[in-house]
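In: Generate coordinates for the sequence data below:
(one chain, ligands or ions: 1)
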Amino acid sequence: MPHNLKGKFINLEYINKNMSRGKGKLMIAYKFRAYPTPEQEKKLHEIFATEAKIYNEMIKKANEMNTHDLKTVEKTLRQIIHDLESLWKGKIYSMVIYPIEEKLLYNLKGLARLKKKGKKVGSLKPKEKFTFLFYRHHGFRLDIDGVELSKLGKIKVLFHRPIEGKIKGVGIKLDKDNKWYVYIVSEITPKPLPKTGKVVAIDWGIEKLLTTSDGIAIQNPLILDKLEERIKRLQKALSRKKKGSKNYEKTRVRLAKLYKYAKNLINDYLHKVTTWLVKNYDVIYVENIRVEKLIQTNKAKKLRRHILQANYFKFLELLEYKAKLYGKQVIKVSPKNTSKKCSRCGYVNQKLSLNDRIFKCPKCGLEIDRDYNAALNILNAGLGQPKAPVEGKPLLYISFSEGVYSKFPG
Ligand SMILES: [Zn+2]
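Out: Numbering: from 1, shown residues only. Reported below is the predicted structural model:
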């Protein structure tokens, strides 16, 4: 791969939106472990607390205003930053205050969008404290072994991989497991990969993470399932401890570490799968599924968790990003009847249930793997013409460990 995208790719959407960028360029964020001194930690906690104070004042005001005119809200929120100057002036670098307002505005816009769709939405809740600080364009300087941040001094950083592109911003974050991280946001230029002439459609699933229209199935690692017992035990232990006590903190951090371990494993897997897809195919058709909808309609807890952990959004985000970066295309098609339709004759089998793993067509007699049938339907919908299924050929099944430790086909 021309770019080093392995490992941490993060979505800082509200920051991304407010950053200037060259035409056709893309933003990427690298994550590195950071080691602030005890004094710097103390300062950072003070800044986080102040940020929360300002944020909470803004929420109060925004709720009072009760207006849909976000332009007016934005103006008022900006004014609050000035009104509360005594809280931060001289102590906090002024440019890191504005992202607070942007974040709130971003959240308000999200709420307004949901409301418009007729969803019931609550109001934004105040924050106890922030855990993230972002320096955009100014106020930072990178060194070989650390980063210098205005009002904080030089913070030690372990740069374990090279940074590509033009550096546009630096963030510092305290993760739930009490470890510090520095984010380096940089602007990169797309580097198209050679065309392969291949087109594919993907069915996203629970049992199999995905099934392609050319008959490849990739195992869903179901990582959280494997950790379920340990997670449950820690959650139970946590509920018995007094909030804020030393023991509570210890258990909370252990739980956070476990979640992080699972998240990293899943993300790493999704990186490998998406890289394989953009390398091997020029056009990738996916179903435009709404995960919220799936969660609402499937009351079963287990299923719900599987869908969540299958991390469809993360997958799409990575896939779309990499497609842009490497000059490939991701096209979303309507999910209508992709599971229930026969990919050979078009008959819609309304009787198909979630338990039927094999699709059997009562009209033309086709019998194929249910997910493979769905992938073919997605491809047909995308291409606008039917492609005959390959019958009698078993799916090429790639298990989780192979996917992670060896290679995908192609
Ligand atoms: Zn049929």
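In: Can you list phi and psi of whatever residue of the stretch 101-250 of the chain ends up closest to the ion for me?
Out: Per Cβ to the ion, the residue of the stretch 101-250 of the chain with the smallest distance to the ion is Ser213, at 16.6 Å. The way it works is simple: take the backbone N, C-alpha and C, and place the C-beta from them, glycine included. Listed backbone geometry of Ser213 is phi -70, psi -10, with angles given as degrees, to the nearest 10.
In: Confirm for me that it is in contact with Leu379.
Out: Yes. At 4.0 Å, Ser213 and Leu379 qualify as touching, with contact defined as Cβ atoms under 8 Å.
In: what's near enough to touch the residue of the stretch 101-250 of the chain closest to the ion?
Out: With contacts defined as Cβ atoms under 8 Å, 6 or more residues apart in numbering, the neighbours of Ser213 are Val200, Ala201, Ile202, Tyr285, Tyr372, Ala375, Leu376, Ile378, Leu379, Lys387.
In: so where does the nearest residue to Val96 once chain neighbours are set aside fall, helix or strand?
Out: The shortest distance from Val96 to any residue that is not its chain neighbour, by Cβ to Cβ, 6 or more residues apart in numbering, is 5.4 Å, and that residue is Leu133. In this assignment (DSSP states H and E), Leu133 forms part of strand 132-136.
In: That strand: partners in the sheet, and parallel or antiparallel?
Out: Taking DSSP bridges as the criterion, strand 132-136 pairs within the sheet with strand 166-174 (antiparallel).
In: Now the partner strand: buried residues?
Out: Residues Ile167, Lys168, Gly169, Val170, Gly171, Ile172, Lys173, Leu174 are the ones in strand 166-174 that count as buried (16 or more other Cβ atoms under 10 Å).
In: Neighbours of Leu227, how many?
Out: Other residues within reach of Leu227, judged by other Cβ atoms under 10 Å, total 16.
In: Mind telling me what element Lys242 is part of?
Out: Using DSSP H and E, Lys242 sits in no helix or strand.
In: Next, count neighbours for it.
Out: Residue neighbour count, defined by other Cβ under 10 Å, stands at 8 for Lys242.
In: dump the residue contacts of it.
Out: Lys242 is in contact with Tyr248, counting by Cβ under 8 Å, 6+ apart.
In: do the same with the one 10 residues further on
Out: With contact set as Cβ under 8 Å, 6+ apart, Arg252 has these partners: Lys176, Leu238.
In: Next one: it from Asn56, what distance?
Out: Counting by Cβ to Cβ, to the nearest Å, the separation of Arg252 from Asn56 is 23 Å.
In: Doesn't Ile218 belong to a strand?
Out: Yes. Secondary structure assignment places Ile218 in a strand (DSSP: H, G, I helix; E, B strand; the rest coil).
In: Spell out the residue ranges of the helices in the stretch 1-150 of the chain.
Out: Using DSSP state H, counting those that start in this stretch, the helices of the stretch 1-150 of the chain run over 13-17, 38-65, 70-83, 85-88, 98-116.
In: I'd like those helices laid out as TSV, including mean neighbour count, mean pLDDT and distance to Ser401.
Out: Supplementary listing: those in TSV, determined by neighbours: other Cβ atoms under 10 Å; pLDDT from 0 to 100; distance: least, Cβ to Cβ, whole Å:
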stretch	mean neighbour count	mean pLDDT	distance to Ser401
helix 13-17	15	62	33
helix 38-65	17	90	39
helix 70-83	15	84	48
helix 85-88	14	84	50
helix 98-116	17	80	38
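In: For these, give me CSV that also has distance to the ion.
Out: Supplementary listing: these in CSV, determined by distance: least, Cβ to the ion, whole Å:
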stretch, distance to the ion
helix 13-17, 43
helix 38-65, 55
helix 70-83, 50
helix 85-88, 67
helix 98-116, 40
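In: Select, out of the ones you listed, the one closest to Gln329.
Out: Distance to Gln329, taken as Cβ to Cβ, is lowest for helix 13-17 among the helices of the stretch 1-150 of the chain, at 21.4 Å.
In: for the nearest residue to Glu287 once chain neighbours are set aside, helix, strand, or coil?
Out: Spatial nearest neighbour of Glu287, chain neighbours left out: Pro335 (4.4 Å); criterion: Cβ to Cβ, 6+ apart. Each residue gets one of three states, and Pro335 gets coil by three-state DSSP.
In: what angle separates the strand holding Leu133 from helix 38-65?
Out: Relative orientation of strand 132-136 and helix 38-65, computed by axes from the mean of the first three to the mean of the last three Cα atoms, to 10 degrees: 90 degrees.
In: any residues touching strand 132-136, and which ones?
Out: If you take Cβ under 8 Å, 6+ apart as the criterion, strand 132-136 is touched by 12, 15, 18-19, 44, 47-48, 51, 93, 95-96, 98-99, 149-150, 168-174, 183.
In: Could you rerun that using 7 Å?
Out: Residues external to strand 132-136 that are found in contact with it (Cβ atoms under 7 Å, 6 or more residues apart in numbering): 15, 19, 47, 93, 95-96, 99, 149, 169-173.
In: cool, stretch 142-151 as well?
Out: Counting by Cβ under 7 Å, 6+ apart, the neighbours of stretch 142-151 from elsewhere in the structure are 91-93, 135, 139-141, 154-157, 167, 170, 172, 182.
In: how does it look with 6 Å?
Out: For stretch 142-151, contacts defined as Cβ atoms under 6 Å, 6 or more residues apart in numbering pick out Tyr93, Gly139, Phe140, Arg141, Lys154, Ile155, Lys156, Val157, Val170, Val182.
In: so how far is it off the chain centroid?
Out: Using Cα atoms, centre = their mean, to the nearest Å, the mean C-alpha position of stretch 142-151 is found 27 Å from that of the whole chain.
In: measure that stretch end to end?
Out: Looking at stretch 142-151, the gap from its leading to its trailing residue is 15 Å under the measure Cα to Cα, to the nearest Å.
In: can you offset everything so residue one is 39?
Out: New numbering, starting at 39: the last item is stretch 180-189.
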